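Enquirer: I would like the atomic coordinates for the input below:
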Amino acid sequence: MRQRAHEPACGGQVAPGFALACGVLCAVLSPACGGQTDTLGTSAWLRVPGATFVAGPLPDAGGGPSVVAASITRTEVYPGLGDRRVEGSVASSATGLALALEGDSGHWLLPAGPPDVQVPDALTLSAPVAFARTLPLGPRTLLVQAVDARGHAGPPFPIALQAEPITQTDAALAFTLTWDTEADLDLHVVAPDGAEVYWNHIAAAGGLLDFDSNQSCALDGLRAERISWTSAPPAGHYLVRVDTPSLCGEATARWTLTATESGVVSGQSRGQSIPIDTQGPHARGAGLLALELDVP
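Expert: Numbering: from 1, shown residues only. So this is what the prediction gives:
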């Protein structure tokens, strides 16, 4: 069975305390949690894997807990990539968190984390975030809000971002997989020394997987994965495979795999995933060999 790092919020097989926190969040932050809410958030610019999407603005602030501190790993963000993480602390009275981009179609809900060992009387805030291909370029503001069990929300904590156009020239070597339906496809790259970079081993031989899109059919709207080397990659022979853990109800998924070296295309292949490709294990060594590349 394929294991993932992030469990879904407000649904699935979760611990009782986690489920209770999700229930409180849905009850106090938005009555729509049990109604016609778009929990996939495919229309939103911001994506928070493992969280629950609720259409509409953040709840009004009114005497709720505060966000002590919040920051993002890099304030430059790019449409279609998901290699950022929000970290921080919230007051200990918080039961949950809400994240949104100012002007977006909705917000994301998740429980507050465990006690922060570095900040007295505070809980941790930690969430991976991604940005849809539709993210408008220019200055953007990420808002982080805490809420307590009585439904009182605190003031939003702003984080200034700058959305920039995506380019491939920032990588000495990159393998990019894109596909056309809301399926769960995975990119695997085997480096010359035999190390394999994929969803369960996201960094090896200097390469890094920037985002595991549509993991376990938690749709994020990206439909893209990239494994890249920002500095000189190891010389030798690279093997690149495309695995299909699930079609997520789709009939097929047509994919394109592109290799670039300092922004210049050096290899490309196309294929189609069908139901038989979802069979078997989906860990190290899985997938269809789609591309081979020799790097001098």
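
Enquirer: Could you use CA atoms for every contact and neighbour count after this?
Expert: Noted.

Enquirer: The nearest residue in space to G80 that is not next to it in sequence: what's it in contact with?
Expert: With Cα to Cα, 6 or more residues apart in numbering as the measure, R133 is the residue that lies nearest to G80, at 4.2 Å, once sequence neighbours are left out. By Cα atoms under 8 Å, 6 or more residues apart in numbering, the residues touching R133 are 45, 79-81, 222.

Enquirer: tell me the least confident of the residues you listed?
Expert: Comparing pLDDT over those, L81 scores lowest. The value there is 69.

Enquirer: hang on, the earlier thing: could I get the contacts of R133 as JSON lines with secondary structure and distance to L257?
Expert: Below are the contacts of R133 laid out as JSON lines (DSSP: H, G, I helix; E, B strand; the rest coil; distance: Cα to Cα, whole Å):
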{"residue": "W45", "secondary structure": "coil", "distance to L257": "24"}
{"residue": "P79", "secondary structure": "coil", "distance to L257": "19"}
{"residue": "G80", "secondary structure": "coil", "distance to L257": "16"}
{"residue": "L81", "secondary structure": "coil", "distance to L257": "16"}
{"residue": "L222", "secondary structure": "coil", "distance to L257": "15"}
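
Enquirer: of all those, which two lie farthest apart?
Expert: The distance between the two most remote of the contacts of R133 (Cα to Cα) is 11.2 Å, for W45 and L81.

Enquirer: Overlap of the contact sets of those two?
Expert: Both W45 and L81 are in contact with 131-133, where contact means Cα under 8 Å, 6+ apart.

Enquirer: Restricted to strands, list those.
Expert: Restricting the shared contacts of W45 and L81 to those inside strands, with DSSP state E as the criterion, leaves F131.

Enquirer: Just the closest of the shared contacts of W45 and L81 to A122, please.
Expert: Distance to A122 across the shared contacts of W45 and L81 (Cα to Cα) is lowest for F131, with 28.0 Å.

Enquirer: how close does the residue nearest to G80 get to P111?
Expert: R133 sits 27 Å away from P111 when distances are taken as Cα to Cα, to the nearest Å.

Enquirer: Which stretches in the stretch 101-250 of the chain count as helices?
Expert: For the stretch 101-250 of the chain, no helices are identified by DSSP state H, counting those that start in this stretch.

Enquirer: all strands of it, in order?
Expert: Across the stretch 101-250 of the chain, reading from the start of the chain, the strands by DSSP state E, counting those that start in this stretch fall at 106-111, 122-131, 138-147, 157-163, 173-179, 184-190, 196-197, 203-204, 207-209, 224-229, 236-246.

Enquirer: Good, wrapping up.
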